[in-house]
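# What follows is a protein structure lacking sequence information:
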């Protein structure tokens with residue numbers, strides 16, 4: 001899982017660092033198929049199906065958000081949940097906190113603006 005946050009650098013051509021990103025449906029499909037290229041076609045289709053907003057296929061913002069959701073779930077949320085569940089089953093209590101505060105110090109923007 002180390003270094004997976006920086007996966008965004010592999011796809012910078014799809015995202016604008018200065019403004020809100022909007023990506024076409026074809027780009028969404030290309031990114032998902034590339035990230036999960038070691039998965040079977042059926043598994044990739046399942047991921048695409050699950051994260052597609054079927055009422056807004058051509059909504060560039062929703063396509064961009066879907067990529068962010070896939071990356072976040074696969075590389076962060078799911079491994080964290082797995083670890084927490086295994087730890088709870090075999091060790092001790094687990095406390096899970098969800099932080100939804102967005103810092104005013106947007107270090108992410110700073111880091112992405114560096115070349």
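Happy to help now that I have it. The shown structure was predicted, so the numbers you read here are calculated from the model rather than taken from an experiment. Residues are numbered from 1 along each chain as shown.
# Quick check: buried residues in the helix or strand hosting residue 47?
Assigned by DSSP states H and E, residue 47 belongs to helix 41-51. For helix 41-51, the neighbour count (16 or more other CB atoms under 10 Å) marks 44, 47, 48, 51 as buried. (C-beta placed from N, C-alpha, C; glycine too.)
# Chain neighbours aside, what residue packs nearest to the last one?
Right, the one you point to is residue 51. residue 66 (4.4 Å; CB to CB, 6 or more residues apart in numbering).
# from what I can see the one you found touches residue 50, true?
No: contact criterion CB atoms under 8 Å: residue 66 and residue 50 do not qualify, at 9.3 Å.
# Let me have the buried residues of helix 41-51 in CSV, adding pLDDT and distance to residue 11 as columns.
Formatted as CSV, the buried residues of helix 41-51 follow (pLDDT from 0 to 100; distance: CB to CB, whole Å):
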residue, pLDDT, distance to residue 11
44, 98, 16
47, 98, 16
48, 98, 16
51, 97, 15
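# circling back to that earlier point, what is the burial count for the residue nearest to residue 51?
Neighbours of residue 66 under the rule other CB atoms under 10 Å: 22.
# What residues does it make contact with?
28, 51, 52, 53 (CB atoms under 8 Å, 6 or more residues apart in numbering).
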